[in-house]
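Trainee: I need the structure of the sequence given here:
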Amino acid sequence: MLGFLVAEDAIEQIDKNISRVTALSDDLIDKAINFGINLLIAAIIFFVGKLVLKAVRKLINNIFSKSSVDVGVVKFVDSIVKALGYIIIIIVICGQIGIQTTSLITLLGTAGVSIGLALQGSLSNFAGGILILVGKPFVVGNYIKAEDVEGVVTKIDILYTTLHTVDNKMVKMPNGTLSNSVVTNYTFEGKRRSDLDVGIHYDDDIKKAVEIATHVMNECPYVLPEETNAVVVKELAESAVILQIRMWSTTENYWPARFYLNEKIKEAYEHNEIHIPFNQLDVHVVKA
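Mentor: Now for the predicted structure:
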(Lines give C-alpha, C1' and ligand atoms only; values in the text may rest on other atoms or scores of the structure.)
Protein backbone atom coordinates (compact mmCIF):
# COMPACT_ATOMS: atom_id res chain seq x y z
CA MET A 1 0.00 0.00 0.00
CA LEU A 2 2.83 2.35 0.88
CA GLY A 3 4.52 1.68 -2.45
CA PHE A 4 1.36 2.46 -4.26
CA LEU A 5 1.08 5.85 -2.54
CA VAL A 6 4.72 6.67 -3.30
CA ALA A 7 4.20 5.82 -6.96
CA GLU A 8 1.07 7.93 -7.09
CA ASP A 9 2.94 10.91 -5.59
CA ALA A 10 5.76 10.45 -8.11
CA ILE A 11 3.31 10.34 -11.01
CA GLU A 12 1.59 13.46 -9.70
CA GLN A 13 4.95 15.25 -9.41
CA ILE A 14 5.88 14.19 -12.93
CA ASP A 15 2.57 15.55 -14.20
CA LYS A 16 3.27 18.85 -12.48
CA ASN A 17 6.74 19.01 -13.97
CA ILE A 18 5.38 18.18 -17.40
CA SER A 19 2.79 20.95 -16.99
CA ARG A 20 5.47 23.40 -15.98
CA VAL A 21 7.67 22.41 -18.90
CA THR A 22 4.71 22.66 -21.26
CA ALA A 23 3.76 26.11 -19.91
CA LEU A 24 7.36 27.25 -20.11
CA SER A 25 7.73 25.95 -23.64
CA ASP A 26 4.45 27.57 -24.66
CA ASP A 27 5.63 30.86 -23.12
CA LEU A 28 8.98 30.58 -24.90
CA ILE A 29 7.23 29.80 -28.17
CA ASP A 30 4.92 32.82 -27.72
CA LYS A 31 7.88 35.04 -26.92
CA ALA A 32 9.81 33.69 -29.88
CA ILE A 33 6.84 34.28 -32.17
CA ASN A 34 6.40 37.83 -30.80
CA PHE A 35 10.13 38.49 -31.15
CA GLY A 36 10.07 37.14 -34.69
CA ILE A 37 7.10 39.38 -35.55
CA ASN A 38 8.82 42.39 -33.98
CA LEU A 39 12.01 41.49 -35.81
CA LEU A 40 10.10 41.32 -39.07
CA ILE A 41 8.45 44.68 -38.36
CA ALA A 42 11.88 46.10 -37.47
CA ALA A 43 13.23 44.86 -40.81
CA ILE A 44 10.30 46.50 -42.61
CA ILE A 45 10.91 49.73 -40.68
CA PHE A 46 14.57 49.61 -41.66
CA PHE A 47 13.91 49.15 -45.36
CA VAL A 48 11.06 51.68 -45.45
CA GLY A 49 13.18 54.13 -43.45
CA LYS A 50 16.04 53.73 -45.94
CA LEU A 51 13.68 54.47 -48.82
CA VAL A 52 12.27 57.55 -47.09
CA LEU A 53 15.76 58.76 -46.17
CA LYS A 54 16.92 58.24 -49.75
CA ALA A 55 13.97 60.29 -51.04
CA VAL A 56 14.67 63.09 -48.56
CA ARG A 57 18.37 63.18 -49.50
CA LYS A 58 17.47 63.23 -53.19
CA LEU A 59 15.06 66.12 -52.61
CA ILE A 60 17.69 68.12 -50.72
CA ASN A 61 20.31 67.44 -53.40
CA ASN A 62 17.86 68.59 -56.09
CA ILE A 63 17.28 71.83 -54.17
CA PHE A 64 21.01 72.46 -53.85
CA SER A 65 21.67 71.53 -57.49
CA LYS A 66 19.47 74.42 -58.60
CA SER A 67 21.65 76.89 -56.69
CA SER A 68 25.30 77.80 -57.09
CA VAL A 69 26.46 75.96 -53.99
CA ASP A 70 29.87 74.43 -53.64
CA VAL A 71 29.96 70.62 -54.05
CA GLY A 72 31.68 70.25 -50.67
CA VAL A 73 28.80 72.05 -48.97
CA VAL A 74 26.26 69.75 -50.64
CA LYS A 75 28.18 66.65 -49.49
CA PHE A 76 28.47 68.05 -45.95
CA VAL A 77 24.72 68.65 -45.66
CA ASP A 78 23.98 65.26 -47.23
CA SER A 79 26.19 63.48 -44.69
CA ILE A 80 24.47 65.25 -41.78
CA VAL A 81 21.01 64.34 -43.10
CA LYS A 82 22.14 60.75 -43.64
CA ALA A 83 23.54 60.44 -40.09
CA LEU A 84 20.44 61.95 -38.47
CA GLY A 85 18.19 59.72 -40.57
CA TYR A 86 19.94 56.52 -39.52
CA ILE A 87 19.92 57.59 -35.86
CA ILE A 88 16.15 58.03 -36.02
CA ILE A 89 15.71 54.66 -37.77
CA ILE A 90 17.85 52.85 -35.18
CA ILE A 91 15.94 54.41 -32.28
CA VAL A 92 12.60 53.36 -33.79
CA ILE A 93 13.89 49.81 -34.40
CA CYS A 94 15.22 49.52 -30.84
CA GLY A 95 11.83 50.52 -29.47
CA GLN A 96 10.10 47.99 -31.70
CA ILE A 97 12.19 45.01 -30.56
CA GLY A 98 11.85 45.92 -26.89
CA ILE A 99 15.10 47.72 -26.15
CA GLN A 100 14.64 50.67 -23.81
CA THR A 101 15.35 53.87 -25.78
CA THR A 102 14.62 56.41 -23.06
CA SER A 103 18.19 56.51 -21.78
CA LEU A 104 19.56 56.62 -25.33
CA ILE A 105 17.29 59.50 -26.30
CA THR A 106 18.17 61.33 -23.07
CA LEU A 107 21.88 60.85 -23.77
CA LEU A 108 21.53 62.06 -27.35
CA GLY A 109 19.46 65.03 -26.20
CA THR A 110 22.03 66.02 -23.58
CA ALA A 111 24.85 65.68 -26.10
CA GLY A 112 22.87 67.72 -28.61
CA VAL A 113 22.25 70.52 -26.11
CA SER A 114 25.92 70.61 -25.10
CA ILE A 115 27.08 70.69 -28.71
CA GLY A 116 24.47 73.31 -29.55
CA LEU A 117 25.63 75.61 -26.74
CA ALA A 118 29.26 75.15 -27.75
CA LEU A 119 28.54 75.82 -31.43
CA GLN A 120 25.74 78.34 -31.04
CA GLY A 121 27.20 80.85 -33.51
CA SER A 122 28.07 78.20 -36.08
CA LEU A 123 24.63 76.60 -35.83
CA SER A 124 23.05 80.02 -36.33
CA ASN A 125 25.16 80.50 -39.45
CA PHE A 126 24.29 76.97 -40.60
CA ALA A 127 20.56 77.62 -40.22
CA GLY A 128 20.99 80.98 -41.95
CA GLY A 129 22.81 79.29 -44.82
CA ILE A 130 19.95 76.81 -45.26
CA LEU A 131 17.42 79.67 -45.30
CA ILE A 132 19.46 81.58 -47.88
CA LEU A 133 19.93 78.54 -50.11
CA VAL A 134 16.25 77.60 -49.94
CA GLY A 135 14.65 81.09 -49.93
CA LYS A 136 17.19 82.55 -52.39
CA PRO A 137 17.01 86.26 -51.45
CA PHE A 138 20.17 86.49 -53.58
CA VAL A 139 22.32 84.21 -55.70
CA VAL A 140 25.92 84.24 -56.89
CA GLY A 141 26.46 87.22 -59.17
CA ASN A 142 23.93 89.53 -57.48
CA TYR A 143 24.99 92.93 -56.15
CA ILE A 144 23.64 93.27 -52.62
CA LYS A 145 23.92 95.51 -49.58
CA ALA A 146 23.58 94.34 -45.97
CA GLU A 147 24.91 95.63 -42.65
CA ASP A 148 26.50 98.66 -44.41
CA VAL A 149 28.50 96.30 -46.66
CA GLU A 150 27.80 96.03 -50.37
CA GLY A 151 29.32 94.08 -53.21
CA VAL A 152 28.90 91.24 -55.69
CA VAL A 153 28.12 87.81 -54.24
CA THR A 154 30.91 85.49 -55.37
CA LYS A 155 30.28 82.45 -53.17
CA ILE A 156 27.58 81.11 -50.84
CA ASP A 157 28.87 78.54 -48.36
CA ILE A 158 26.86 76.81 -45.67
CA LEU A 159 28.26 79.14 -42.97
CA TYR A 160 29.47 82.29 -44.78
CA THR A 161 28.68 84.35 -47.88
CA THR A 162 31.55 85.99 -49.74
CA LEU A 163 31.17 89.47 -51.24
CA HIS A 164 33.54 91.24 -53.64
CA THR A 165 33.37 95.01 -53.20
CA VAL A 166 33.79 97.59 -55.97
CA ASP A 167 37.15 98.64 -54.50
CA ASN A 168 38.44 95.05 -54.81
CA LYS A 169 38.01 93.80 -51.25
CA MET A 170 36.74 90.39 -50.20
CA VAL A 171 34.22 90.39 -47.36
CA LYS A 172 32.95 87.20 -45.69
CA MET A 173 29.61 87.73 -43.94
CA PRO A 174 28.06 85.19 -41.52
CA ASN A 175 24.89 83.68 -42.93
CA GLY A 176 23.19 84.02 -39.55
CA THR A 177 23.62 87.79 -39.76
CA LEU A 178 22.49 87.93 -43.38
CA SER A 179 19.36 85.86 -42.77
CA ASN A 180 18.31 88.15 -39.87
CA SER A 181 19.09 91.53 -41.45
CA VAL A 182 17.66 93.70 -44.20
CA VAL A 183 19.30 92.71 -47.50
CA THR A 184 18.98 94.99 -50.52
CA ASN A 185 19.39 93.11 -53.80
CA TYR A 186 20.20 95.66 -56.49
CA THR A 187 20.37 93.20 -59.38
CA PHE A 188 17.31 91.07 -58.63
CA GLU A 189 15.28 92.95 -61.23
CA GLY A 190 16.40 93.56 -64.80
CA LYS A 191 15.91 97.31 -64.66
CA ARG A 192 16.46 100.19 -62.22
CA ARG A 193 15.49 103.84 -61.98
CA SER A 194 18.11 106.53 -61.48
CA ASP A 195 16.87 109.38 -59.29
CA LEU A 196 19.30 112.23 -59.87
CA ASP A 197 18.82 115.50 -57.94
CA VAL A 198 19.99 118.75 -59.57
CA GLY A 199 19.67 122.20 -58.00
CA ILE A 200 19.10 125.38 -60.02
CA HIS A 201 19.14 129.03 -58.99
CA TYR A 202 15.87 130.61 -57.88
CA ASP A 203 16.32 133.30 -60.56
CA ASP A 204 16.54 130.71 -63.39
CA ASP A 205 13.62 129.64 -65.59
CA ILE A 206 12.26 126.37 -64.14
CA LYS A 207 10.43 125.35 -67.32
CA LYS A 208 13.53 125.86 -69.41
CA ALA A 209 15.62 123.87 -66.93
CA VAL A 210 13.08 121.03 -66.98
CA GLU A 211 13.02 121.02 -70.82
CA ILE A 212 16.82 120.88 -71.02
CA ALA A 213 17.01 118.04 -68.49
CA THR A 214 14.25 116.15 -70.31
CA HIS A 215 16.10 116.50 -73.62
CA VAL A 216 19.34 115.22 -72.08
CA MET A 217 17.48 112.30 -70.50
CA ASN A 218 15.78 111.33 -73.77
CA GLU A 219 19.12 111.50 -75.62
CA CYS A 220 20.81 109.20 -73.11
CA PRO A 221 21.89 105.95 -74.83
CA TYR A 222 20.95 103.95 -71.71
CA VAL A 223 17.36 105.21 -71.28
CA LEU A 224 14.44 102.79 -71.56
CA PRO A 225 11.91 104.89 -73.50
CA GLU A 226 9.01 102.51 -72.83
CA GLU A 227 9.20 103.27 -69.10
CA THR A 228 7.81 106.29 -67.26
CA ASN A 229 10.75 108.70 -67.36
CA ALA A 230 10.24 112.23 -66.02
CA VAL A 231 11.84 115.41 -64.71
CA VAL A 232 10.00 116.88 -61.71
CA VAL A 233 10.40 119.75 -59.27
CA LYS A 234 11.22 117.82 -56.15
CA GLU A 235 11.83 120.51 -53.55
CA LEU A 236 12.17 124.23 -52.91
CA ALA A 237 15.31 124.13 -50.79
CA GLU A 238 17.04 126.93 -48.91
CA SER A 239 19.55 127.78 -51.62
CA ALA A 240 18.15 126.13 -54.75
CA VAL A 241 15.16 124.69 -56.57
CA ILE A 242 15.75 120.92 -56.63
CA LEU A 243 14.86 119.11 -59.83
CA GLN A 244 14.83 115.34 -59.91
CA ILE A 245 15.56 113.34 -63.07
CA ARG A 246 13.85 109.95 -62.92
CA MET A 247 15.23 107.77 -65.68
CA TRP A 248 14.91 104.01 -66.15
CA SER A 249 17.72 101.85 -67.50
CA THR A 250 18.77 98.23 -67.39
CA THR A 251 20.42 97.15 -64.15
CA GLU A 252 23.79 96.61 -65.80
CA ASN A 253 23.69 100.16 -67.22
CA TYR A 254 22.62 101.84 -63.96
CA TRP A 255 25.97 103.45 -63.15
CA PRO A 256 26.90 104.39 -66.74
CA ALA A 257 23.47 106.07 -66.98
CA ARG A 258 24.04 108.12 -63.80
CA PHE A 259 27.53 109.16 -64.88
CA TYR A 260 26.18 110.19 -68.29
CA LEU A 261 23.41 112.31 -66.75
CA ASN A 262 25.79 114.02 -64.31
CA GLU A 263 28.15 115.05 -67.11
CA LYS A 264 25.61 116.03 -69.77
CA ILE A 265 23.30 117.95 -67.43
CA LYS A 266 26.22 120.04 -66.21
CA GLU A 267 27.34 120.81 -69.78
CA ALA A 268 23.80 121.59 -71.00
CA TYR A 269 23.02 123.93 -68.10
CA GLU A 270 26.30 125.81 -68.53
CA HIS A 271 25.64 126.17 -72.27
CA ASN A 272 22.12 127.55 -71.63
CA GLU A 273 23.15 129.73 -68.65
CA ILE A 274 21.22 127.69 -66.08
CA HIS A 275 23.08 128.05 -62.83
CA ILE A 276 23.70 125.23 -60.37
CA PRO A 277 24.16 127.10 -57.08
CA PHE A 278 26.22 126.14 -54.10
CA ASN A 279 25.08 126.54 -50.51
CA GLN A 280 25.33 130.16 -49.40
CA LEU A 281 24.23 132.23 -46.45
CA ASP A 282 23.29 135.92 -46.53
CA VAL A 283 24.29 137.74 -43.34
CA HIS A 284 22.60 141.08 -42.57
CA VAL A 285 24.38 143.28 -40.03
CA VAL A 286 22.09 145.61 -38.13
CA LYS A 287 23.75 148.56 -36.41
CA ALA A 288 22.60 149.26 -32.87
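Trainee: Helices of this protein, start to end?
Mentor: 2-65, 71-96, 102-118, 120-135, 175-179, 206-219, 254-271 (DSSP state H).
Trainee: Just give me the lowest mean pLDDT stretch among those helices.
Mentor: Lowest mean pLDDT within the helices of the chain: helix 102-118, at a mean of 61.
Trainee: Number of residues surrounding Asn262?
Mentor: Using other CB atoms under 10 Å, Asn262 has 14 other residues around it. Placement of C-beta: from N, CA and C, glycine included.
Trainee: wait, doesn't Arg192 sit right on Met247?
Mentor: No - in this structure, Arg192 is not within contact of Met247 by CB atoms under 8 Å, at 9.8 Å.
Trainee: how close does the nearest residue to Gly176 once chain neighbours are set aside get to Gly95?
Mentor: Once flanking residues are discounted, Gly176 sits nearest to Ser124: 3.6 Å by CB to CB, 6 or more residues apart in numbering. From Ser124 over to Gly95 the distance is 32 Å, taken as CB to CB, to the nearest Å.
Trainee: and what of Tyr186?
Mentor: Remark: distance between Tyr186 and Gly95 (CB to CB) = 53 Å.
Trainee: hang on, the earlier thing: between Arg192 and Met247, which has more neighbouring residues?
Mentor: Neighbour count, other CB under 10 Å: between Arg192 and Met247, Met247 has more, with 27 against 20.
Trainee: Identify the residues contacting that one.
Mentor: Residues near Met247 by CB atoms under 8 Å, 6 or more residues apart in numbering: 193-194, 196, 217, 220, 223, 229, 257, 261.
Trainee: run the last query once more with 6 Å
Mentor: Applying CB atoms under 6 Å, 6 or more residues apart in numbering to Met247 gives the contacts 194, 217, 223, 229.
Trainee: Repeat that for Val153.
Mentor: Residues near Val153 by CB under 6 Å, 6+ apart: 138, 140, 142.
Trainee: What's opposite it in the beta bridge?
Mentor: Leu163 (DSSP bridges).
Trainee: Excluding chain neighbours, what is closest to Leu39?
Mentor: Of all residues not flanking Leu39 in the chain, Ile97 sits nearest, at 6.3 Å (CB to CB, 6+ apart).
Trainee: Correction: the previous question concerned Pro256.
Mentor: Once flanking residues are discounted, Pro256 sits nearest to Tyr222: 5.8 Å by CB to CB, 6+ apart.
Trainee: quick one: contacts for Thr228?
Mentor: Not one residue lies near Thr228 by CB under 6 Å, 6+ apart.
Trainee: Please report how far it lies from Met217.
Mentor: Thr228 is 12 Å from Met217, by CB to CB.
Trainee: Likewise for Gln244?
Mentor: When Gln244 is compared with Met217 (using CB to CB), they lie 11 Å apart.
Trainee: More neighbours: which of the two?
Mentor: Each of Gln244 and Met217 has its neighbours counted (other CB under 10 Å); Met217 has more, 23 against 15.
Trainee: residues touching that one, list them.
Mentor: Taking CB under 6 Å, 6+ apart, one finds 229, 245, 247 in contact with Met217.
Trainee: Which of those residues sits closest to His275?
Mentor: Nearest to His275 out of those is Ile245 (CB to CB; 17.2 Å).
Trainee: Without its sequence neighbours, what residue ends up closest to that closest one?
Mentor: Leu196 (4.4 Å).
Trainee: what number of residues lie near that neighbour?
Mentor: 17.
Trainee: for the one 5 residues further on, same thing?
Mentor: Burial measure for His201: 14 neighbouring residues, criterion other CB under 10 Å.
Trainee: what about the closest residue to it other than its chain neighbours, distance to Gln244?
Mentor: Of all residues not flanking His201 in the chain, His275 sits nearest, at 4.1 Å (CB to CB, 6+ apart). Going from His275 to Gln244 by CB to CB gives 18 Å.
Trainee: Equivalent analysis for Leu51, please.
Mentor: Leu51 sits 62 Å away from Gln244, going by CB to CB.
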